[in-house]
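S.K.: Predicted model and sequence follow; I will ask about them next.
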Amino acid sequence: MPHRVALVVNPTAGKGAGRARGAETLRLLTEAGHEVLDVSGTTYAQARAQAEAAVADGVDTVVVVGGDGLVHLGVNLCAGTDTHLAVVAAGTGNDFARNLGLPVGDPVAAVRLVGLDATRRIDLGRMCTPAGDGAWFGGVLGAGFDAIVNDRASRMRWPRGQMRYNLALLRELPVFRPIPYVIELDGERIETKAMLVAVANTTSFGGGMRVCPDADVTDGLFDVLILREISIPAFLRVFPSVYSGTHVNHPAVEIRRARTVRLEATGIRSQADGEPFGALPLAVEVVPRALSVVVPEVTP
Ligand SMILES: Nc1ncnc2c1ncn2[C@@H]1O[C@H](COP(=O)(O)OP(=O)(O)OP(=O)(O)O)[C@@H](O)[C@H]1O
C-alpha cells in the first residue's frame, strides 16, 4: 500500500554515511510509489519542527534515517498517535533497530517493510522533570556514569563514532566517584550509592551494551539496572561482560521491574536513547503500547 511518508535524514549519522543512505531511501520510497515529504533539516531542531508539522498534517508514517538519536526523534514525533515509525538504521550503534529485529544498514530491506503494512505496538518510556518538561524514549534512560560519558562525548569534536565514546570513557573513569541516589520503584524507596542506574524499555544501549538483557518492549514494565558502588578496577573488570549480558551475575548488579521510577541525585544529568536529557530528579513511567513501529512481521 502506498503511504504518505515524512522522511527525516540525519546526514551526520554513522560517521557521515547517513547522507548517502538518506538519498537512497528517498529514491527507494519514491520508486515504491509512496508520497514522500522530505522534512530533513540542517539541524536536529529544524528537522524536528518540520517533521512535527508533517505529523500534524496527517502523514501515515515517519521514516527516520540515522542512529538511535534519530529514532529518539521519531519516537517523540509518533508517540501516542497512530502514525507509524519506520527506521532505516544508519547510525553507529543502532540499538533500537537491533532490539526490534529491524534491518541494519540496509535501506532496501527497511523501505520494503514500509509497503508491507506490518506494524507492532510497543511500550515507551515517558520522562518528566519537576518543571514539567517531558519527553518520550524508546530504548534506555541512563543517569550515572553512562550519562557523564555521553555528555563528554557529545562535547568532543573528534574522533567520530564509537571511538569518541571510548575516549570519553577513559577520560571520565579516573575521576568518577560512586553517586548517592534516591531511587523509587513503584513507590518503594531505595537509598544507595551506585555507579549508574539504567531504566530500560529495550535491552541495550551504547552500541550493543546489553544492560538489561531480559527487557521486553511489550510487558508494560521497565527493567531497572542498579550497578551498586564498586571499585574502579572492579568496574573495569565487569564492564566488558555487559556486551554478553553476563554482568547480571555480578553481586553489585541488581535488576528490578517497575512501572514507575523516580531518580534523584545531586548534579547528575540523564541521557535517553543516547541523547542528553535534563538533570535529576526525574519521574519516569512506562506507557504501554504507545508507539506503532513498522516491523518485518505482523505481531498482535
Ligand atoms: N541535520 C541533522 N539532523 C538530525 N540530527 C543531526 C543533524 N546534524 C547533527 N545531528 C545530531 O545527530 C545526533 C544523532 O545521531 P544519530 O544517533 O542519528 O547517529 P549516530 O551516528 O548513531 O550518532 P552518535 O554516534 O552521535 O550516536 C543528534 O544528537 C543530533 O543533534
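M.R.: Right, received. Where do you want to start? Numbers count the residues shown, from 1 in each chain.

S.K.: So what are the sheet partners of whichever helix or strand Glu285 is part of and their directions?
M.R.: If you go by DSSP states H and E, Glu285 is part of strand 282-294. Its sheet considered, strand 282-294 pairs with strand 84-89 (parallel), strand 119-128 (antiparallel), strand 260-264 (antiparallel) by DSSP bridges.

S.K.: close to the ligand, is stretch 58-73?
M.R.: Yes - if you take C-beta under 6 Å from any ligand atom as the test, stretch 58-73 does meet the ligand, through Gly66, Gly67, Asp68, Gly69, Leu70. Where you see a C-beta, it was placed from the backbone N, CA and C, and this is true even at glycine.

S.K.: what pLDDT, on average, does that stretch get?
M.R.: The predicted model assigns stretch 58-73 a mean pLDDT of 97.

S.K.: C-alpha coordinates for that stretch, PDB please?
M.R.: Taking Å, rounded to 0.1, in the frame of the first residue of the first chain, the C-alpha atoms of stretch 58-73 are listed here in PDB:
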ATOM      1  CA  GLY A  58      -1.600  13.600   9.000                       C
ATOM      2  CA  VAL A  59       1.200  11.600   7.300                       C
ATOM      3  CA  ASP A  60       0.800   7.800   7.700                       C
ATOM      4  CA  THR A  61       4.400   7.000   8.500                       C
ATOM      5  CA  VAL A  62       7.600   8.800   9.700                       C
ATOM      6  CA  VAL A  63      10.700   7.300   8.200                       C
ATOM      7  CA  VAL A  64      13.900   8.100  10.100                       C
ATOM      8  CA  VAL A  65      17.400   7.500   8.600                       C
ATOM      9  CA  GLY A  66      20.100   7.600  11.200                       C
ATOM     10  CA  GLY A  67      21.100   6.100  14.600                       C
ATOM     11  CA  ASP A  68      19.400   5.900  17.900                       C
ATOM     12  CA  GLY A  69      19.300   9.700  18.200                       C
ATOM     13  CA  LEU A  70      17.100   9.900  15.100                       C
ATOM     14  CA  VAL A  71      14.900   7.000  16.500                       C
ATOM     15  CA  HIS A  72      14.600   9.200  19.600                       C
ATOM     16  CA  LEU A  73      13.300  12.000  17.400                       C
END
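
S.K.: Can you list the buried residues in that stretch?
M.R.: By neighbour count on 16 or more other C-beta atoms under 10 Å, the buried set for stretch 58-73 is 59-73.

S.K.: Ok, stretch 36-46 next?
M.R.: Val36, Leu37, Asp38, Val39, Ser40, Gly41, Tyr44.

S.K.: Please apply the same query to stretch 167-179.
M.R.: Buried, per 16+ other C-beta under 10 Å, within stretch 167-179: Leu167, Ala168, Leu169, Glu172, Phe176, Pro178, Ile179.

S.K.: Among the buried residues of stretch 36-46, which ones are in helices?
M.R.: Tyr44 (DSSP state H).

S.K.: what would the residues of stretch 58-73 next to the ligand look like in a markdown table with distance to Ala200 and secondary structure?
M.R.: Converted to a markdown table, the residues of stretch 58-73 next to the ligand look like this (distance: C-beta to C-beta, whole Å; DSSP: H, G, I helix; E, B strand; the rest coil):
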| residue | distance to Ala200 | secondary structure |
| --- | --- | --- |
| Gly66 | 21 | strand |
| Gly67 | 18 | coil |
| Asp68 | 13 | helix |
| Gly69 | 18 | helix |
| Leu70 | 20 | helix |
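
S.K.: Kindly reformat those residues as CSV containing distance to Val287.
M.R.: Supplementary listing: the residues of stretch 58-73 next to the ligand in CSV, determined by distance: C-beta to C-beta, whole Å:
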residue, distance to Val287
Gly66, 23
Gly67, 23
Asp68, 19
Gly69, 21
Leu70, 21
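
S.K.: Which residues are in contact with the closest residue to Val211 other than its chain neighbours?
M.R.: Spatially, and ignoring its direct neighbours in sequence, Val211 is nearest to Ala198 (4.9 Å; C-beta to C-beta, 6 or more residues apart in numbering). If a contact means C-beta atoms under 8 Å, 6 or more residues apart in numbering, then Ala198 has Val140, Leu141, Gly142, Gly144, Asp146, Phe205, Val211, Cys212, Val224, Leu225 as its contacts.
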